[in-house]
Every structure is written in C-alpha cells, then in structure tokens.
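Got a predicted structure here, sequence first:
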Protein chains: 2
Amino acid sequence: MQFDDKVPIYLQIKRVIYQEMVTGQLKAGEQLPAVRQLALNLTVNVNTVQRALSEMITEGVLTSKRGKGNFVTEDQQRIGALKTQLVRAQLSSFYQALRALNLSDEEIITSVQHYVQRRGSQDDGHVND
Amino acid sequence: MQFDDKVPIYLQIKRVIYQEMVTGQLKAGEQLPAVRQLALNLTVNVNTVQRALSEMITEGVLTSKRGKGNFVTEDQQRIGALKTQLVRAQLSSFYQALRALNLSDEEIITSVQHYVQRRGSQDDGHVND
DNA sequence: TATATTGTAATAGATAAATAGTACACTAGG
DNA sequence: CCTAGTGTACTATTTATCTATTACAATATA
C-alpha cells in the first residue's frame, strides 16, 4: 500500500481500518487479520501496525485477545458513533480550510455541488449507491 | 502560533502564507516580513521558515531578492490559479474521504448544507461575505 | 566607507517515526 | 505435552524534521 510520507503511517493505517469498519468490510465482532499478516498486506513493519491497533484498542473500537487475535468491537452503536465522528471531522476541517481561502458559505456549497457533478459526468467507474 | 505536531511545520507555514496571498492580506508584489521576523511571529526557527519560503520560491509564488527581502509574485493570475488549485485539492480529499465512509454524492452535499446551516445558527461571530 | 538589514548556507544536536530483529506470553489443537 | 499461531515487548538503527548557532553575501543608507 502507498502512504503519504508527510503523515505518520500509523495514523494512515488507523484511517484505513476505521473506513473498513464503517463500510462494513469489517463487521462488528469480526476478527482482524493477524498483525503479521496486516504488516505484509500494508507493506509495513509489525511495530507500526501494532502502534495503530493499540491506539484503537485504547479508544475502544477494537479489543485484543492475547493468543487469539484482534477483534472489532461488538458494540454496533460504537461503530455508528465512529462514522458520525469521522464525517464531522472531515466537514469541520474542509469548511475551515475553504473559509480560510475566503469562500462564502454559498460558494462552499456550490463548489461541492459542481465538483460532484463534474465527477458524475466523468466516466470513471464509481457508483452512486 | 500553534501547529499540528502530526504535520511538518514547514508545510503548515506554507499553507498560512498561501491563505494570506489568496485572501489578499498579502497582495501581489508585496514584501513579506523578514525571515527572522516571521520566525518570531510563528515562534519557530529561521531554518524552518526558510524551508517553507524556498519551496514557494521554487513554485514561483514568491520571489527572493538577496539583501532586500522576499516578495509575493507580481503575477495576479498566478495567485488566482493558486486559489483554484488549493480549493480543488480540498474538494478532492474531502470527497474521497466521505466516499470512503460510504456516503453517496447526495449525502455528501446535504451533509455540507446541514453543517453550514448548523454553523450559521450558532452565534460565533463569523460573517458571510 | 561603514553599518544595519536582508537572504542564504552549513554544521551539530534532539526528537519522532519507521524499520529490523529477537524474544516472550497466551491459546488452540494434534 | 508439544507445536503453531496469536498478541506483545524490547533494543538498535535509520531517516526526516526541527532547533540552535555561526557564518557569509547582497543591498540600502547614514
């Protein structure tokens, strides 16, 4: 996997796993691949994977069972809250950045609409739910 | 100034100066504060400021005159292009992040609308152009 | 011609992050 | 009981970033 070398890799790994939980690629209670396997998949060191996972364990979205594996929380509501939290964080930083470039609220909204339209008419196989 | 310790400071400095150019706090052709002064303002080392500025000089948005100072490009169009570029980068990463969280195009648009509305009704002294 | 102010370069040290490698602890299954 | 597979811990090394410090080069001005 390719990472942005201006952002710590362990943070980018967290983001990937968050996304898999939110999209349901990883379901509540499901076991994650072994840390050594994750390290291979991500072409990254085991310690780096471990750092990402241990933070997520502290946050309560993962649980660890020594000798067995790492598991997504059973708490489906926790995952829902995670999605809300991640979406809100994106909205906040996006809004703040565009305001800092002097865009009005209206301009921000229409810029998103136009961007989405442009992407929609641009035959790159993405689907719209 | 406070920085996010997960992102290189020199990149965050570039972002701040970009914003000042785009918003007109720094006008085309205008002289920047001396690097040593900028370092004081930002509570950062001169070398770190220098790294940010030297990259922006390479990009052509700043020019340097040894013994005189650093200056914003005279090319107003260049600044306009900079704004376009920065806005587009924000849109792209924002869109990609929310798609990765399984939001549809419609949901992305309405989430922005609701976020802006919520902020608008929330008396925190921001103005709407 | 000096002196102050500007940008620029170079060195050395500190810290965070990532890597490689080794070892240990717990669990399941033959 | 032994072995394979799991998470976890620790050390050592490398790289990028930031800092502190010193020095030098170019410009303006008294």
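Cool, got the structure.

For burial, what's the neighbour tally of A:Asp105?
20 (other CB atoms under 10 Å in any protein chain shown). In short, each C-beta sits where N, CA and C put it, glycine included.

With A:Val127 instead?
A:Val127 has 5 neighbours, counted by other CB under 10 Å.

Next, the angle from the longest helix anywhere in chain A to helix B:76-100.
Identified as the longest helix of chain A according to DSSP state H is helix A:76-100. On the basis of axes from the mean of the first three to the mean of the last three CA atoms, to 10 degrees, helix A:76-100 is oriented at 170 degrees to helix B:76-100.

Need the mean per-residue confidence for helix A:76-100.
Averaged over helix A:76-100, pLDDT sits at 98.

could you say what helices and strands that helix packs with?
helix A:9-23, helix A:105-120, helix B:76-100, helix B:105-120 (3 or more CB pairs under 8 Å, 6 or more residues apart in numbering or on different chains; DSSP states H and E).

Using the record's domain definitions, break chain A down for me.
Chain A is divided into the following domains under automatic domain parsing: A:9-74, A:77-120.

about what we covered before: buried set for the longest helix of chain A?
A:79, A:82-83, A:86-87, A:90-91, A:94-95, A:97-100 (16 or more other CB atoms under 10 Å in any protein chain shown).

residues in chain A within reach of chain B, list them.
A:6-8, A:11, A:19, A:22-24, A:83, A:86-88, A:90-92, A:94-95, A:97-106, A:108-109, A:111-113, A:115-116, A:119-120, A:126, A:128-129 (CB under 8 Å from any CB of the partner chain).

Show the low-confidence segments of chain A, by residue range.
Chain A contains no residues with pLDDT under 70.

For burial, what's the neighbour tally of the closest residue to A:Ile57 other than its chain neighbours?
Distances taken as CB to CB, 6 or more residues apart in numbering or on different chains place A:Ser64 nearest to A:Ile57, at 5.3 Å, with adjacent residues excluded. By other CB under 10 Å, the residues close to A:Ser64 number 14.

where's A:Ser64 relative to DNA strand C, distance?
A:Ser64 sits 11 Å away from DNA strand C, taking CB to the nearest atom of the strand, to the nearest Å as the criterion.

did I read that right, that residue in a strand?
Yes: counting by DSSP: H, G, I helix; E, B strand; the rest coil, A:Ser64 is found in a strand.

who does it bridge with?
Beta-bridge partners for A:Ser64, by DSSP bridges, are A:Asn70.

That one is in contact with A:Val72, isn't it?
No: taking contacts as CB atoms under 8 Å, A:Ser64 lies outside contact range of A:Val72: 11.4 Å.

Quick check on the one residue in chain A that gets nearest to DNA strand C: phi, psi?
Nearest residue of chain A to DNA strand C (CB to the nearest atom of the strand) works out as A:Gly67 at 2.3 Å. The phi/psi pair for A:Gly67 (degrees, to the nearest 10) reads phi 80, psi -20.

give me the element the nearest residue to A:Pro33 once chain neighbours are set aside is part of.
Counting by CB to CB, 6+ apart, A:Asn41 is the residue found nearest to A:Pro33 once chain neighbours are left out, at 6.8 Å. Assigned by DSSP states H and E, A:Asn41 falls within helix A:35-42.

May I see the buried residues of stretch A:110-117?
Here stretch A:110-117 shows A:111-112, A:115-116 as buried, counting by 16+ other CB under 10 Å.

ditto for stretch A:30-42
A:32, A:35, A:38-39, A:42.

Endpoint to endpoint, stretch A:29-40 covers what distance?
Terminal residues of stretch A:29-40 lie 23 Å apart, using CA to CA, to the nearest Å.

ok, now stretch A:13-31?
First residue to last in stretch A:13-31 (CA to CA) measures 17 Å.

contacting residues around stretch A:32-49?
A:1, A:3, A:9-10, A:13, A:16-17, A:26, A:50, A:53, A:62, A:69-72 (CB atoms under 8 Å, 6 or more residues apart in numbering or on different chains).
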